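Chemist: Need the 3D shape of this:
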Amino acid sequence: MCCSVGFARSLGLALLPLALCCIVANLLLLFPMGEITYIKQDRLASYIWYFGGLGGGGLLMLVPAVAFTTLGKCSCCWNESLMMCGSVLAAVVGLVGSAYCFIVSGYALLQGPQCFTSYGWSYPFADQKGRYLLQPETWTRCLQPVNIIEWNITLLCVLLGLAVLEFIICLLQLGNGLVNAVCRPCCYKQEYSLNA
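Modeler: Purely as a prediction, here's the structure:
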């Protein structure tokens, strides 16, 4: 059991910087090119307000990160099993958060940013279903904010990658916790019956 708790703690420590990076990436999406004028004028894309990185990959991911890193050592097998059940619930919360971050970021990439074009403020790539990502020559349609396409693509791809890593880590702990919560009491019963 000690190994599984140590494994869970290491997974929790791995989740902390990933969650922090998701929060930072989402906050940077709120301020294109570091400018605050677009948030004041409500010229940000609608998907940014879903807070996939801030809420799903960030704050919600802190639940499993804290739960995994604070797993304690108990001498009673049932307490250890309950502790691992708690980590399983935290892993499920993490899976939901990372999936939310991934879905929102993926949708945001497909939709493209809101920007000022020759026709005014619009979503010039919304009907292309992500094809604009492979056609950099079309990015000049966006006149303001400057380099908004590159800004969004970079940050949203970072969020997608972080969400995948978070999902894998939570999935590992889900398996670890389920195996230890279910099998550990059985092992103790077997040891007890052999010693009796």
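Chemist: okay, CA-based contacts and neighbour counts for the rest of this
Modeler: OK.
Chemist: where exactly do the strands run in the chain?
Modeler: In the chain, the strands defined using DSSP state E lie at 115-117, 120-122.
Chemist: which of the ones you listed sits most buried?
Modeler: Greatest average neighbour count among the strands of the chain goes to strand 115-117 (a mean of 19), per mean count of other CA atoms under 10 Å.
Chemist: which ones are touching the residue nearest the centre of the chain?
Modeler: Centroid check for the chain by CA atoms, centre = their mean gives G57 as the closest residue, at 2.6 Å. By CA atoms under 8 Å, 6 or more residues apart in numbering, the contact list for G57 reads L18, A19, C22, I23, G97, S98, Y100, C101, L159, L162, A163, E166.
Chemist: And the pLDDT for the residue lying closest to P113 once chain neighbours are set aside?
Modeler: Spatial nearest neighbour of P113, excluding adjacent residues (CA to CA, 6 or more residues apart in numbering): A45 at 5.6 Å. Note on A45: pLDDT of 87.
Chemist: hang on, the earlier thing: report the buried members of the contacts of G57.
Modeler: With burial judged by 16 or more other CA atoms under 10 Å, the buried subset of these is L18, A19, C22, I23, G97, S98, Y100, C101, L159, L162, A163, E166.
Chemist: Present those residues as CSV; the columns should include pLDDT and distance to L30.
Modeler: Shown next, in CSV, are the buried ones among the contacts of G57 (pLDDT from 0 to 100; distance: CA to CA, whole Å):
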residue, pLDDT, distance to L30
L18, 97, 19
A19, 97, 17
C22, 97, 13
I23, 96, 11
G97, 97, 20
S98, 97, 20
Y100, 97, 18
C101, 97, 15
L159, 97, 14
L162, 97, 18
A163, 97, 19
E166, 97, 22
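Chemist: out of these, which are inside helices?
Modeler: Residues of the buried ones among the contacts of G57 located in helices (DSSP state H): L18, A19, C22, I23, G97, S98, Y100, C101, L159, L162, A163, E166.
Chemist: In TSV: those, plus distance to M33.
Modeler: Below are those laid out as TSV (distance: CA to CA, whole Å):
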residue	distance to M33
L18	22
A19	22
C22	17
I23	17
G97	27
S98	26
Y100	25
C101	22
L159	17
L162	21
A163	23
E166	27
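Chemist: Ranking helices and strands of the chain by mean pLDDT, which lands last?
Modeler: Of all the helices and strands that make up the chain, helix 148-195 has the lowest average by mean pLDDT, DSSP states H and E, namely a mean of 82.
Chemist: How many residues are close by V179?
Modeler: 15 (other CA atoms under 10 Å).
Chemist: What of L134?
Modeler: With neighbours defined by other CA under 10 Å, the count for L134 comes to 8.
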